[in-house]
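A.B. asks: give me a model of this one.
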Amino acid sequence: MRKEIAGAVIATASFIAAGAYAQKIMVANPQLKIIEPAPEKTSFSAELSAYPVQPTSRTRSTPEIFERTRPTFPIDSEIANARLQIIQFYKDNGFDISLTSDETNSMLPQNWSKRTPEPLTGDYRMPYSVDSPFYQRIPKDWKKLEFPVKGYFQSSNISTLGAAGDGSDGFGIGLVIGRAKDPVRKLQQRYMEKDPKISLEKDQANGRLLGLECPVLQRDGSFTTTRIPDAENFRLVGNQVAGVVAYGVPRNAFDRAVIWIDDATKKAATTWRSFEQCNDPAMGTQAGNWTGDYIVSEQLPSLGDRGGVNAANMADLPRLIRAGELTNPNQPIRHVVSGPSRASGQKLWKAAIYPGRNWDNTIDGFNGGLLPYGMLLQLDPNVDLQKMYREKKLSLPAYRLLEAMQNYGWMCDDSGVRDMDFKGHFSNRELEPYKGSWAVAEEVMSVVKNAKLYIVAPLVKRG
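C.D. replies: Now for the predicted structure:
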């Protein structure tokens, strides 16, 4: 869903802004707690429904699936041969990556545990079921295939979100948590004409949206509701609700994706291209309500394998890097990390693998790569990250991110402007002592581009 030209312009500007942090001195590496070795097997609950073997993974041949996902332009022999290997690997594990979301929706698990790794309240760190595929640590002997092309990933970014001037690139995903006493607002679909014009009042803390042209609403009047902090108390960035930091709308990014959680109902909604409304009775808009070009909602706790405003149609919240996760010396990241891959470099594939179910509607223009939407990649577990950390070859944030790639993996969910991006919900201020998010991303890629990567078979329960 990302628009690449707009994204490239903003990313370039963000890179220049972030350059101011390049001269900062890296902080000393604190001592880390050693985590448990990889588990021998998955630990799904008894309540979780089994995911069936997809019938066409047995009836369609590898060449047939290759043809169904072939681009409209020529691809070189290395990519073609790698595609055949990947198709066969997924077939051997019961998946046909050429299936559309309409064909796989009926196969999605319908039952799961309502237990969550952390309480379903507060800042909603881990609000999905313990059975979520994004919370499963990759077992030691799970089915894997070595990624068939060396040096495939060369560029990266960690998306951040924060107040103007803090070095954040604005591509982080917003999160707004409404509490029981907050007013119930509408999230309404926007009629996709021109974007509303926005001007920011410079002298008000954190930049309220003022002088906003009212967005035009979709004519069918469709909407969902959620509790949103009152406009007088709500700030788009650096927002504190009930003592919990919750960054709001990404003001400077094209996607402007926001997750809205209603703490009273435990309902989560996500809007893409989010714009605040103003009072205009003739247009049916009301200050305090919001619009989105695309709106999805779900009841927590779910598996996260549906919903979300990314091209793969997966929930964004369980995969976000949250504030403090990269810089916590006492606890590793406990979920999949993820983000888009580069459209212009033809890294993506018109194919999907669970928990991904869909692809970009513009994929035909860049369907030349090896990454189905939803592919899970694991950094080689034999890379000794702890040794690199002890020898100060890695900062704490780079270590934590690479560690997450070894334990839970990186997942492709959309198209973007770099080879391997990571979606975040935190300010670049957190990474200032480590030379900023761009420097940390470069550290990560210096390891990834020289290490083995493994394609991981979907972490599902089988009957």
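A.B. asks: tell me where the model's unsure across this protein.
C.D. replies: 1-27, 163-164, 192-213, 231-252 (pLDDT under 70).
A.B. asks: just the helices in it please.
C.D. replies: 4-18, 56-59, 62-68, 77-92, 101-104, 385-390, 396-407, 437-448 (DSSP state H).
A.B. asks: next, the buried residues of the second one.
C.D. replies: If I follow you right, that is helix 56-59. Burial within helix 56-59, assessed by neighbour count using 16 or more other Cβ atoms under 10 Å, is assigned to 56-57. Just so you know, the C-beta spots here come from the backbone N, C-alpha and C atoms, and that holds for glycine as well.
A.B. asks: show me where the stretch 101-250 of the chain has its strands.
C.D. replies: 144-146, 156-158, 174-178, 184-189, 199-200, 209-210, 223-227, 239-241, 244-246 (DSSP state E, counting those that start in this stretch).
A.B. asks: ok so, going back, now the helices of the chain in a markdown table, with distance to residue 41?
C.D. replies: Formatted as a markdown table, these follow (distance: least, Cβ to Cβ, whole Å):
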| stretch | distance to residue 41 |
| --- | --- |
| helix 4-18 | 40 |
| helix 56-59 | 22 |
| helix 62-68 | 28 |
| helix 77-92 | 19 |
| helix 101-104 | 25 |
| helix 385-390 | 23 |
| helix 396-407 | 15 |
| helix 437-448 | 27 |
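A.B. asks: deepest-packed of the ones you listed, please.
C.D. replies: helix 396-407 (a mean of 24; mean count of other Cβ atoms under 10 Å).
A.B. asks: who are the neighbours in contact with residue 272?
C.D. replies: 1, 255-257, 292-295, 309 (Cβ atoms under 8 Å, 6 or more residues apart in numbering).
A.B. asks: can you list the buried residues in stretch 378-386?
C.D. replies: Judged by neighbour count using 16+ other Cβ under 10 Å, the buried positions of stretch 378-386 are 378-379, 381, 383, 385.
A.B. asks: now intersect those residues with the strands, please.
C.D. replies: Among the buried residues of stretch 378-386, the ones falling in strands (DSSP state E) are 378-379.
A.B. asks: picking that back up, out of the helices of the chain, the one nearest residue 329 is which?
C.D. replies: helix 396-407 (6.5 Å; Cβ to Cβ).
A.B. asks: show me what that closest one is packed against.
C.D. replies: With contacts defined as 3 or more Cβ pairs under 8 Å, 6 or more residues apart in numbering; DSSP states H and E, the packing partners of helix 396-407 are strand 337-342, strand 376-379, helix 385-390, helix 437-448.
A.B. asks: any idea which of these gets closest to residue 56?
C.D. replies: Between residue 56 and the helices and strands packed on helix 396-407, the tightest spacing by Cβ to Cβ is seen for strand 376-379, at 20.9 Å.
A.B. asks: neighbours of residue 289, how many?
C.D. replies: 20 (other Cβ atoms under 10 Å).
A.B. asks: could you do residue 35 as well?
C.D. replies: Using other Cβ under 10 Å: residue 35 sits among 13 other residues.
A.B. asks: burial count for the nearest residue to it once chain neighbours are set aside?
C.D. replies: The shortest distance from residue 35 to any non-neighbouring residue, by Cβ to Cβ, 6 or more residues apart in numbering, is to residue 332 (5.5 Å). Residue 332 has 17 neighbours, counted by other Cβ under 10 Å.
A.B. asks: doesn't residue 405 make contact with residue 332?
C.D. replies: No: contact criterion Cβ atoms under 8 Å: residue 332 and residue 405 do not qualify, at 11.2 Å.
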